[in-house]
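# fold the following for me, if possible:
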Amino acid sequence: MGDTTDGSRAAQRALEDPRESETRGLFGRLFDALTPDDEDAREKADALGQTLPGLPNLQRLRVADVAIPKAEIIAVEQGASLSDIVASFRESGYSRIPVYEDTLDKPLGLLLLKDLALRYGFNGHHEIDLRALLRPILYVPPSMPLSVLLRKMQAERTHFALVIDEYGGVDGLVTIEDLLEQVVGEIEDEHDTDEDAMIMQESAASLLVDARAALDELEEELGFALTGEDDEEEIDTLGGLLFLLAGRVPVRGEVIAHPSGVEFEVIEADLRRIKRLRVHLPQALRDAAQ
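Next up, the predicted model:
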């Protein structure tokens, strides 16, 4: 009787929100593949595993392996003005932003762009009450397996979690897209860096560069070569240069020094590849450029 009632409730939710059925279909197949409990489920898991060879990553990897670092989290303080909040959404391209009190280590909740738009719109100088709009945030430890986090996200019906360290401070952020990318590969959307913006000037002292950026284009931007004659035919991208310098795939947060004096800071990476870097220019090179 309980199973029938639960099934009826699930069916009712699907009728009320078709996305519930679609999401359950995707998550359900992933969950069943991770924990097959009978012969039929195991056969389906094997079939899905052949279609999605990255599926074992959900069991092998931990939250710390895919979360973006604290320094890259876009968030707003609870006392921010409506115009500042709208600017944060516009500049980041995100639809969800955490809200904090005083510092990011005191998160209050999650602000959704659609909630803000429905309540206040995007124009005017309204007095706003952010606390009334906030949704709960899921907090997870960096050691949690991705398969467990995926289940928690499905149960809590959220696509967003803050990573909390052993002292209770915020250590990073992870989204459901980060998890799914481990299964299906990188997911690009309209806000991702495109081919024409792989090298961006961040400041007079630094550049933000996609690891896939062509090495000759970065060298042209810098005004000097990063490779010698022996290497230039073997290395095409900045990621390839970093692998050569480090002798391995560098981890997020690692700084790799180049003989020219340039330093490459890895700001986004996973266990398999580097994604984005910050290129730090030494003072001598900045002076020469001027």
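# in what helix or strand does residue 111 lie?
Per DSSP states H and E, residue 111 falls inside strand 103-112.
# immediately after that strand, which helix or strand?
Assigned by DSSP H and E, the successor of strand 103-112 is helix 113-120.
# buried ones in that following helix?
113, 115-116, 120 (16 or more other CB atoms under 10 Å). For every residue, glycine as well, the C-beta is placed using N, CA and C.
# which residues sit against it?
82, 85-86, 89, 94-97, 126, 128, 132-133, 135 (CB atoms under 8 Å, 6 or more residues apart in numbering).
# which of those residues are buried?
82, 85-86, 89, 96-97, 128, 133.
# just the pLDDT for residue 54.
At residue 54, the model reports a pLDDT of 60.
# what is the subsequent helix or strand relative to the helix or strand that residue 149 is a member of?
Assigned by DSSP H and E, residue 149 belongs to helix 146-156. Going down the chain from helix 146-156, the next helix or strand is strand 160-164, by DSSP H and E.
# for that next one, which outside residues touch it?
Contacts for strand 160-164 (CB under 8 Å, 6+ apart): 63-64, 67, 96, 98, 107, 110, 137-142, 149, 152-153, 170-176.
# try it again with 7 Å
With contact meaning CB atoms under 7 Å, 6 or more residues apart in numbering, strand 160-164 is reached by 63, 67, 96, 98, 107, 110, 137-142, 149, 153, 170-175.
# that one pairs with which strands, and in what direction?
strand 138-140 (parallel), strand 170-175 (antiparallel) (DSSP bridges).
# what comes up buried for the shortest one?
Spelled out, it's strand 138-140. Quick answer for strand 138-140 (16+ other CB under 10 Å): 138, 140.
# of the strands paired with strand 160-164, which is nearest residue 280?
strand 170-175 (21.8 Å; CB to CB).
# what does the closest one rub up against?
Under CB under 7 Å, 6+ apart, the answer for strand 170-175 is 63, 66-70, 73, 104-105, 107, 142, 159-165.
# hmm, try it at 6 Å
63, 66-70, 73, 104-105, 142, 159-163, 165 (CB atoms under 6 Å, 6 or more residues apart in numbering).
# give me the contacts around stretch 135-150.
By CB under 6 Å, 6+ apart, the residues outside stretch 135-150 that reach it are 34, 58-59, 61-64, 107, 109-110, 156, 158, 161-164, 171, 179.
# what mean pLDDT does the strand holding residue 111 get?
pLDDT averaged over strand 103-112 gives 93.
# just the angle for it relative to strand 160-164, thanks.
Between the axes of strand 103-112 and strand 160-164, defined by axes from the mean of the first three to the mean of the last three CA atoms, to 10 degrees, the angle is 170 degrees.
# any idea how far residue 74 is from the closest residue to residue 68 other than its chain neighbours?
Taking CB to CB, 6 or more residues apart in numbering as the measure, residue 68 lies nearest to residue 173, with 5.3 Å between them; neighbours along the chain are not counted. Distance, residue 173 to residue 74, using CB to CB, to the nearest Å: 9 Å.
# and for residue 204?
23 Å.
# more crowded one of those two?
Using other CB atoms under 10 Å as the criterion, residue 204 and residue 74 rank with residue 74 on top: 15 against 9.
# does that one count as helix, strand or coil?
Secondary structure state of residue 74, per DSSP: H, G, I helix; E, B strand; the rest coil, is coil.
# so for the nearest residue to residue 128 once chain neighbours are set aside, what's the pLDDT?
Once flanking residues are discounted, residue 128 sits nearest to residue 82: 5.3 Å by CB to CB, 6+ apart. Residue 82 carries a pLDDT score of 87 in this model.
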